[in-house]
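>>> model the following, please.
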Amino acid sequence: MIDAVVFLPTAPIVVPEIAGAAAPELDHLRAAADETLAGVLGPAAPDRVILLAVAPQPWDVTDTTNPAAGDFADLGLNIDLTVEVNHGAAAMNADWLVPLGLRLGAWQLQRVGWSGAVRAVAVAATATDAELDATGSALATDPGERVVLVVMGDGSARRGVAAPGYLDPRAEAYDKEWLESIRDGDPAALADLDRDVAAELLVGGAPAWRAAAAATAQADWDAHVAVEEARYGVAMVVGSWRRVPDTVSPRPAAAPGREDRERPLRRG
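Numbering: from 1, shown residues only. Got it, this is the predicted structure:
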C-alpha cells in the first residue's frame, strides 16, 4: 500500500556539482527536497521506497544480491550513489546505464540517509495511457507492504527564451494545471492532463505523473507543496501527498468546484 508520495525535480542542475557556480541559487530547493523526503521517510520508516521516473525505454528492477550502483560518470562527475539502483537480471554491457531520473532519485535518497529497500521503475516517455495506468496500478497491489513512492519529474522546459526548449506561451498555463493537481492531492486531475500537449511543451514528468495517478487513485490524500518555480526556464516542484487514514475508495473525477473551472489544456 502506498502511504505517501513525494514529487521531486529531475533537472540535473539540482546537483551542486553539476550546477557549479550557480549551485547556491538552488539551495532552497535542495533544502526543501531534503526536508520533504526526510519528513515522509523518518517518522515510521516504510518497508520500501519506489523510485518512479521517465526514460527512453521502460525499466523495472528490484533489490538483488548483485547490485550495480548508479553514478554520474556520464556527466563527468565522480559521485558514487551508495543507495544502489539495481540492474536485476539484466546483463551488464558498455551501453547499460541507469536512467538519469532514477539516479537523481537515488542521489536524493542518499542525501537523507535512506538505507532501506529500493525498487526502481522507469516508464517509457512514449508509453500509452493504458500502459502507464497498468504500471501505476501494479505499484499499489500489495496491501501488506508500506511504500513511499518518489516521483521524479519536471514540468515544461519551455518557460522562457533561455529555456532548453525556448519560450512557448502555452507553457505557463499548462504548468499551472499540473501544479494545481499536485497541490490539491488530486490523482484524477493529474491523470487528465493532455499528454500530447505535454510532449509539445517538453513536460518531462508527464508520463511518470500519469503512472503515479493510477497508483494513488484508490485513496484520498493530504497534499503539501514546498517549492514551485520555473528557474532556468524549467518548471520544478517539491511536494508530498500523505494518505488520509482509512481511505480506499476511488476519488471523484475532480475536487468540489473544480468542474466549473476552465480546463482548456486537459482532455475534453
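>>> grab the nearest non-local neighbour of Ala189.
Of all residues beyond its chain neighbours, the one nearest Ala189 is Ser181 (4.0 Å), with distances taken as Cβ to Cβ, 6 or more residues apart in numbering. Any C-beta I mention is one placed from the backbone N, CA and C, and that applies to glycine too.
>>> these two touch, right, that neighbour and Leu190?
Yes - Ser181 is within contact range of Leu190, at 4.1 Å (criterion: Cβ atoms under 8 Å).
>>> list residues touching both of these two?
Trp209 (Cβ atoms under 8 Å, 6 or more residues apart in numbering).
>>> buried residues, stretch 187-199. List them.
By 16 or more other Cβ atoms under 10 Å, the buried positions in stretch 187-199 come out as 187-195, 197-198.
>>> for the protein, which segments count as strands?
Applying DSSP state E to the chain gives strands spanning 2-8, 48-55, 59-61, 117-124, 147-152, 221-229, 236-243.
>>> avg pLDDT for the last one?
Spelled out, it's strand 236-243. Taken as a whole, strand 236-243 carries a mean pLDDT of 98.
>>> each with direction, which strands does that strand pair with?
strand 2-8 (antiparallel), strand 221-229 (antiparallel) (DSSP bridges).
>>> now distance to Asp154 and mean pLDDT too, for those, in CSV please.
Listed next are the strands paired with strand 236-243 as CSV, based on distance: least, Cβ to Cβ, whole Å; pLDDT from 0 to 100:
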stretch, distance to Asp154, mean pLDDT
strand 2-8, 9, 97
strand 221-229, 11, 98
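>>> which among these is found nearest to Arg48?
Nearest to Arg48, of all the strands paired with strand 236-243, is strand 2-8, at 10.1 Å by Cβ to Cβ.
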